[in-house]
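>>> missing the sequence, but the structure's below:
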């Protein structure tokens, strides 16, 4: 058998095992998140981040067999082409995880944020690529407004300095968090549920894992007080780039943090002065 044919079969087998495991997991999950994605220009409801609760030995053995089968397929694909498919490849991580000896669990959803820093040079380069895309359109004359806006923004960021630091901050996604207590442990452990899911298994000498929808502790904006953030006091920068988040000057963030800290110190000092009177 040729190497290329062997690799093709390894890829096909791994994809088959992944699809099989994911289908079983979603079909048997007691919790999963539903999100809307766009496929072929149409909105589609997709399930993700499933949590499977196992309370009997037969199901546990079946889950372990499925996970072992997936890991064997991963190993086969990695060995077929280690350079193209390293063990830390995105398609291999995170791997399916089975937690045993669980006798207590809870679940809540947090509003999550992510940030990444860019330079003015990086931002301008992206704008220039966008500008080029508009200008090569056959009907580019219909996009005079867009072209003018992008050109103005390129000039504005160039004038500020191409080495200036900026931050993109996104807060439009959720984190699903499990709060687990294990056999013989007195502390709770918080674990993020990744897209491929998590499996929880109780043990016979404890009551079954209690996991009902009406017992989930959902901490979203309506039930959890929004934590104060420096970004509440910083004005984002207007940009034509469709970033997944808002754009800020890091210098504005630093200045605002310093001002808030100074105001807090002043408030403590003023309170102490009032107490002495």
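Looks like it came in fine. Please read all numbers here as calculations on a predicted model, not as lab measurements. Numbers count the residues shown, from 1 in each chain.

>>> helices of the stretch 151-277 of the chain, start to end?
Per DSSP state H, counting those that start in this stretch, the stretch 151-277 of the chain carries helices over the ranges 250-276.

>>> so where's it shaky on pLDDT?
Across the stretch 151-277 of the chain, the ranges flagged by pLDDT under 70 are 203-228, 267-277.

>>> how long is stretch 136-152 end to end?
19 Å (C-alpha to C-alpha, to the nearest Å).

>>> same check on stretch 49-63?
One end of stretch 49-63 to the other measures 16 Å (C-alpha to C-alpha).

>>> then stretch 37-44?
5 Å.

>>> before we move on, what about stretch 74-89?
10 Å.

>>> what are the buried residues along the helix or strand containing residue 78?
Following DSSP states H and E, one finds residue 78 within helix 57-80. Using 16 or more other C-beta atoms under 10 Å as the test for burial, helix 57-80 gives 60, 63-64, 66-67, 70, 73-74, 76-78, 80. Every C-beta, even on glycine, is put in place using the N, C-alpha and C of the backbone.

>>> walk me through which strands the helix or strand following that helix pairs with, and which way each runs.
Counting by DSSP H and E, the element after helix 57-80 in chain order, helix or strand, is strand 97-99. With DSSP bridges as the test, strand 97-99 is paired with strand 198-201 (parallel).

>>> out of the buried residues of helix 57-80, who's nearest residue 13?
Nearest to residue 13 among these: residue 73, at 5.3 Å, using C-beta to C-beta.

>>> so what's residue 110 bridging to?
Beta-bridge pairing for residue 110 (DSSP bridges): residue 175.

>>> looks like it contacts residue 175 (just checking).
Yes. In this structure, residue 110 is within contact of residue 175 by C-beta atoms under 8 Å, at 4.6 Å.

>>> give the other helices and strands that the helix holding residue 78 contacts.
Secondary-structure packing of helix 57-80 (3 or more C-beta pairs under 8 Å, 6 or more residues apart in numbering; DSSP states H and E): helix 3-28, strand 42-54, strand 97-99, strand 198-201.

>>> for the record, mean pLDDT for the second one?
Computed over strand 42-54, the mean pLDDT rounds to 88.

>>> for that strand, name the packing helices and strands.
Using 3+ C-beta pairs under 8 Å, 6+ apart: strand 42-54 touches helix 3-28, strand 31-39, helix 57-80, strand 165-182, strand 198-201.

>>> the fourth one to strand 42-54, inter-axis angle?
To tie it back to what came earlier, the one meant is strand 165-182. Taking axes from the mean of the first three to the mean of the last three C-alpha atoms, to 10 degrees, strand 165-182 and strand 42-54 form an angle of 30 degrees between their directions.

>>> buried residues in strand 165-182, which are they?
166-169, 176-178, 180-182.

>>> next up, the contacts around residue 94.
Counting by C-beta atoms under 8 Å, 6 or more residues apart in numbering, residue 94 makes contact with 194, 196.

>>> now it: phi and psi?
phi -70, psi 150 (degrees, to the nearest 10).

>>> and it, how close does it get to residue 191?
Residue 94 is 11 Å from residue 191, where distance means C-beta to C-beta, to the nearest Å.

>>> before we move on, what about residue 69?
From residue 69 to residue 191 the distance is 24 Å (C-beta to C-beta).

>>> so what's the closest residue in space to residue 195 that isn't next to it in sequence up against?
Using C-beta to C-beta, 6 or more residues apart in numbering and skipping the chain neighbours, the partner closest in space to residue 195 is residue 48 (5.0 Å). Going by C-beta under 8 Å, 6+ apart, residue 48 touches 32-35, 195.

>>> tally of neighbours for residue 38?
Applying other C-beta atoms under 10 Å, we find 8 residues neighbouring residue 38.
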